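Undergrad: Got a sequence here, can you model it:
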Amino acid sequence: MENVDLETQEYGNDLKVILVGNVSTGKTSIVDRYINNTFRVKIKATISPNFQYKLIKKNGIIYRLHFWDIPGQDRNPTLTSVFCRDAQGFVFCCDALVEKSRNDILVWKKSLQDFLDISNIPLIIMENKCDLLGKEEEDYNKDIDKLKQFCEENNFSGAFRTSALNGYNIENAMNFLVDEIITALKVEEENNINKNSEENESKIKPMKLTDKNEKNKRCC
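TA: Just a heads-up that it's a prediction; the model follows:
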């Protein structure tokens, strides 16, 4: 992503991104690393939806990313539906050392599908804490094929091993998500334009060239 120049006059949509996942998968730490490039060693579990934002610049256009961090212990459909309304992207967080947390992503996804159509919304996986898999970057990608397979089989847009501790792959994952969101918005806009055009065309009644002649015949 490009550095933000606030003097740029062209602004795009505000982009709303929701982070969901089990407790202690690092959702808040991921946002802290991405927005402030910081990591807090001691952090309390999120007990209510947490909001932060960041300005970014893509292709000369400034976007404001809104991040909503949903508490990991809360799958209350009523509460979650309020904060997930109008979301343009989702980050599903899990722990690279805890296989169950990856499987629980599907529980979170199902809970969203119960009240929200996410079929056309970009969804990515961040399997966080990969720094605990080893000291070298090559260790971070142990069994990465299993994660990719999980991603494809369950219709996610992409999957990334990340580390909020050292920042590994956080920027790449977010950059991918933003590109997917912008593309999805463009497709939606084009579909709406085509739909409106078709509706307008259907309202136009073609004039019969024989109407005048038929009327004259009846008059005579």
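
Undergrad: what about the strands in the protein?
TA: Taking DSSP state E to define them, one finds strands in the chain at 11-21, 50-58, 61-69, 89-95, 123-128, 158-161.

Undergrad: Reformat those strands into JSON lines and put mean neighbour count and mean pLDDT next to each item.
TA: The way it works is simple: take the backbone N, C-alpha and C, and place the C-beta from them, glycine included. JSON lines is the format used below for those (neighbours: other CB atoms under 10 Å; pLDDT from 0 to 100):
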{"stretch": "strand 11-21", "mean neighbour count": "20", "mean pLDDT": "92"}
{"stretch": "strand 50-58", "mean neighbour count": "15", "mean pLDDT": "90"}
{"stretch": "strand 61-69", "mean neighbour count": "20", "mean pLDDT": "93"}
{"stretch": "strand 89-95", "mean neighbour count": "25", "mean pLDDT": "97"}
{"stretch": "strand 123-128", "mean neighbour count": "27", "mean pLDDT": "98"}
{"stretch": "strand 158-161", "mean neighbour count": "22", "mean pLDDT": "98"}
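
Undergrad: quick one, which of these is nearest to residue 191?
TA: strand 11-21 (15.8 Å; CB to CB).

Undergrad: strand partners of that closest one, parallel vs antiparallel please.
TA: If you go by DSSP bridges, strand 11-21 pairs up with strand 61-69 (parallel), strand 89-95 (parallel).

Undergrad: Quick one: residues in contact with it.
TA: Residues from elsewhere that reach strand 11-21, judged by CB atoms under 8 Å, 6 or more residues apart in numbering: 27, 30-31, 58, 61-70, 72, 80, 83-84, 86-94, 101, 104-105, 108, 112, 177-178, 181-182, 185.

Undergrad: quick one: it to strand 123-128, angle?
TA: Strand 11-21 runs at 60 degrees relative to strand 123-128, counting by axes from the mean of the first three to the mean of the last three CA atoms, to 10 degrees.

Undergrad: Also compute the angle for strand 11-21 relative to strand 50-58, please.
TA: Using the same axes, to 10 degrees: strand 11-21 against strand 50-58 is 140 degrees.

Undergrad: ok so, going back, redo the strands paired with strand 11-21 as JSON lines? Include distance to residue 121.
TA: Shown next, in JSON lines, are the strands paired with strand 11-21 (distance: least, CB to CB, whole Å):
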{"stretch": "strand 61-69", "distance to residue 121": "14"}
{"stretch": "strand 89-95", "distance to residue 121": "6"}
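
Undergrad: Appreciated, that's everything.
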